[in-house]
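[1] Got a sequence here, can you build the structure:
(4 chains)
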There are 2 protein chains.
Amino acid sequence: MASVSTEPAPILEPARHGAAGSRIADELRQSILSGAYEPGARIRQEDLADLHGASRLPVREALRVLEGEGLVTVVANTGAWVSRLSLAECEEMYQIRERVEPLLLRYNVPLMSDDFIDELEALATQIELSADVEDFITLDRRFHLSMYGAAETNLLGDIVLRLWNRTHHYRRAFTRVFSRGNDQSVHYEHHLLVSAIRRRDLGEAERVLAGHIRRTRLELARHPEVFSHHP
Amino acid sequence: MASVSTEPAPILEPARHGAAGSRIADELRQSILSGAYEPGARIRQEDLADLHGASRLPVREALRVLEGEGLVTVVANTGAWVSRLSLAECEEMYQIRERVEPLLLRYNVPLMSDDFIDELEALATQIELSADVEDFITLDRRFHLSMYGAAETNLLGDIVLRLWNRTHHYRRAFTRVFSRGNDQSVHYEHHLLVSAIRRRDLGEAERVLAGHIRRTRLELARHPEVFSHHP
DNA sequence: CCCTCGTCTATTGGATACATTGTTGCGCAC
DNA sequence: GTGCGCAACAATGTATCCAATAGACGAGGG
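    Predicted structure coming up:
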């Protein structure tokens, strides 16, 4: 914003003072999740600064934030890279999710309105119809994470969101190689999950969700090629 | 380090270039955990900078790191405070631990040597003999966290460590009000846990640990006065 | 021909200086 | 006496400048 001389309307400037670090962190997070940066990609501070029209200082803060979220790996005096996961680490993430997301679901189900559950059902159907891999992972992410938005405390929600973000790239890569199988299990599980939620059957909802994550983890383990590094 | 003119031996200087942010983060984290800062205490950037003989820049990085860990709450253009937990949030943390720590234990038990298990047993006995609250929480923390140091991937270990850190202050406060009860359950559970580990009985070890955390959570809920804010 | 050491440059780390924001306390009006 | 508003201050956010480090490249020797 500083380099551009023709900046007539500061009114439409949503970026207020004191938000540069957070804003850059948000945008870089989105870029990483969108796949614009591959795991292992180098992140240069000055590039980011120029890109966002800021100095390197808020960029460094943003990198620290994303480092804390596990999305970026920073080495002192050397540089920053998009974090990379091994198959073992990714499986560990899924095992954590398997234990933790059912708990988060338990917190949220009592707070869901019937209308909201209808929306979930519609989303599950929409996922079935998704043609493209990018559509699928976007809708699938929305389906699951929207279930977790009702709780009044968001500590667990934040932890789960970070787990999703750290594995997002591998979910995309895995979906790409797996989608040819034309396996309908995912969709069945989604509908079973909505059904259990509608009946407010917490135990069953927990079981279905845990099984859903577990099955994904086992499928993932059958495709280690997703994790082959090509430096 | 820069202001002191009489610095004859640069050999004993462990603080190298590029480590100020991490160093300050580590020291501030220790200060918060030690109880030197109460939850809700204001953290002024300039004070920290002077205290560590650095400028505000690495201090800001440190604050971002600790914010990511949940230990510090930063409000833009306003300031930073030591994070505060409500009873509901603390219970949520314990519920997460209840589900996640047994998994981490499962990862670690097969990697423990018999000698190490002897050390755990000795630690459990030492905890029984601890006189003072500060001793107890230090030894108890070491007892539990040392169990988690063997795993080759440390993703889950980091998450658990953060959960411990975020609740550390309340564990201290709670122990202070609870220690008068003279309840031996904690120690029985510790010894049962070591016993299950020694037999390499993963299922039983998981159950005992989950029960241990669960019981602590329920006790905690009976002492809401620990969370009363006194501003 | 290859290995090693030295230099050099690109990039990051840190400090100082300045702009902006939030807050607090005082004064004035009602 | 109370409530609103303005102003001065204090603390944070940002930019620019300088220092230190690590990787790369090339020259020299084995």
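[2] pLDDT averaged over whatever helix or strand A:E92 lives in - what is it?
    Counting by DSSP states H and E, the element that carries A:E92 is helix A:87-108. Confidence over helix A:87-108 (mean pLDDT, whole number) is 97.
[3] now stretch A:188-201
    Here the average pLDDT along stretch A:188-201 is 98.
[4] If you count contacts, what does the helix holding A:E92 end up packed against?
    If you count contacts as 3 or more C-beta pairs under 8 Å, 6 or more residues apart in numbering or on different chains; DSSP states H and E, helix A:87-108 packs onto helix A:155-178, helix A:202-221, helix B:87-108, helix B:155-178. For the C-beta atoms, the positions are set from N, CA and C on the backbone; glycine is no exception.
[5] Send me that helix as PDB with only the CA atoms.
    Output of helix A:87-108 as PDB, limited to C-alpha atoms (Å, rounded to 0.1, in the frame of the first residue of the first chain):
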ATOM      1  CA  LEU A  87       3.700 -40.800   6.800                       C
ATOM      2  CA  ALA A  88       4.300 -41.800  10.400                       C
ATOM      3  CA  GLU A  89       3.600 -38.200  11.500                       C
ATOM      4  CA  CYS A  90       0.500 -38.000   9.400                       C
ATOM      5  CA  GLU A  91      -0.800 -41.200  10.900                       C
ATOM      6  CA  GLU A  92      -0.100 -39.800  14.300                       C
ATOM      7  CA  MET A  93      -2.200 -36.700  13.500                       C
ATOM      8  CA  TYR A  94      -5.100 -38.900  12.400                       C
ATOM      9  CA  GLN A  95      -4.800 -41.000  15.600                       C
ATOM     10  CA  ILE A  96      -5.100 -37.800  17.600                       C
ATOM     11  CA  ARG A  97      -8.100 -36.700  15.500                       C
ATOM     12  CA  GLU A  98      -9.600 -40.100  16.000                       C
ATOM     13  CA  ARG A  99      -9.600 -39.600  19.800                       C
ATOM     14  CA  VAL A 100     -10.300 -35.900  20.000                       C
ATOM     15  CA  GLU A 101     -12.800 -35.000  17.300                       C
ATOM     16  CA  PRO A 102     -15.500 -37.300  18.800                       C
ATOM     17  CA  LEU A 103     -15.100 -35.400  22.000                       C
ATOM     18  CA  LEU A 104     -15.500 -32.100  20.200                       C
ATOM     19  CA  LEU A 105     -18.500 -33.400  18.400                       C
ATOM     20  CA  ARG A 106     -20.000 -34.400  21.800                       C
ATOM     21  CA  TYR A 107     -19.700 -30.800  22.900                       C
ATOM     22  CA  ASN A 108     -21.400 -29.500  19.800                       C
END
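[6] can you pull the contacts of A:F178?
    Shown in contact with A:F178 (C-beta atoms under 8 Å, 6 or more residues apart in numbering or on different chains): A:219, A:223.
[7] Got the confidence number for it?
    For A:F178, pLDDT reads 83.
[8] what's the pLDDT at the residue most central in space within chain A?
    With distances taken as C-alpha atoms, centre = their mean, A:N165 lies nearest the centre of chain A, 3.3 Å away. A:N165 is assigned 98 on the pLDDT scale.
[9] and if you look at A:P10?
    34.
[10] Could you list the low-pLDDT ranges of chain A?
    Scanning chain A for pLDDT under 70 picks out the ranges A:1-16, A:229-231.
[11] Domain map for it?
    As given by automatic domain parsing, the domain ranges for chain A are A:10-82, A:87-227.
[12] how long is the longest one end to end?
    By that I understand domain A:87-227. Using C-alpha to C-alpha, to the nearest Å, the end-to-end distance of domain A:87-227 comes to 6 Å.
[13] Identify each buried residue in stretch A:140-157, please.
    For stretch A:140-157, the neighbour count (16 or more other C-beta atoms under 10 Å in any protein chain shown) marks A:140, A:143-144, A:147-148, A:151, A:153, A:155-157 as buried.
[14] Sounds good, over and out.
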